[in-house]
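Q: only geometry, no sequence info:
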């Protein structure tokens, strides 16, 4: 498939779910652009600060062969998605509902499509996420500090 694919997120505690989403996203177009949330925007959306600061998260994404471009964002995702003339917008399982609805409208107006990324599960059958990884770390360390 030709075109630009956009995926948004914090990409903190990079894990197999992230790798799977980026590989899948790249399979849908020639050009994969990651809209990487800055620390403040991540905290605003998720309610807590990322474990890894922006420069660490960006460095990890810079090393991923599927990623063609990274744009650090703080606000107004629909405007940025529209300006990039994205053909496909990838939605992850942790996509903010308000942002998703507005972004869907932008994609519909530009005849693009919104695609959900396949979900990766843990051995316990839970959806893999940074929060789940932190929970596992706390449990293995015998710590109740994350609960």
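A: Okay, I see it. As the structure is a prediction and not an experimental result, all values here were calculated from the model.
Q: Report the helix or strand with the lowest average pLDDT across the protein.
A: helix 97-109 (a mean of 64; mean pLDDT, DSSP states H and E).
Q: Quick check: what element follows that helix along the chain?
A: Downstream of helix 97-109, the next assigned helix or strand under DSSP states H and E is strand 113-116.
Q: average pLDDT across that next one?
A: Average pLDDT, strand 113-116: 85.
Q: Which elements pack onto the helix or strand following it?
A: Next in sequence after strand 113-116, counting helices and strands by DSSP H and E, comes helix 130-140. Here helix 130-140 touches no other helix or strand, going by 3 or more CB pairs under 8 Å, 6 or more residues apart in numbering; DSSP states H and E. C-beta coordinates here come from the backbone N, C-alpha and C atoms, glycine included.
Q: what comes up buried for helix 130-140?
A: For helix 130-140, the neighbour count (16 or more other CB atoms under 10 Å) marks 130-134 as buried.
Q: Next: stretch 10-19.
A: For stretch 10-19, burial by neighbour count (16+ other CB under 10 Å) applies to 10-14, 17-18.
Q: which among those gets closest to residue 34?
A: Lowest distance from residue 34 to the buried residues of stretch 10-19 (CB to CB) belongs to residue 11, with 7.3 Å.
Q: Name the secondary structure element that contains that closest one.
A: Going by DSSP H and E, residue 11 is not in any helix or strand.
Q: any idea how far residue 105 is from the residue lying closest to it once chain neighbours are set aside?
A: Excluding the flanking residues, the one nearest residue 11 by CB to CB, 6 or more residues apart in numbering is residue 57, at 5.3 Å. Distance check for residue 57 against residue 105: by CB to CB, to the nearest Å, it reads 28 Å.
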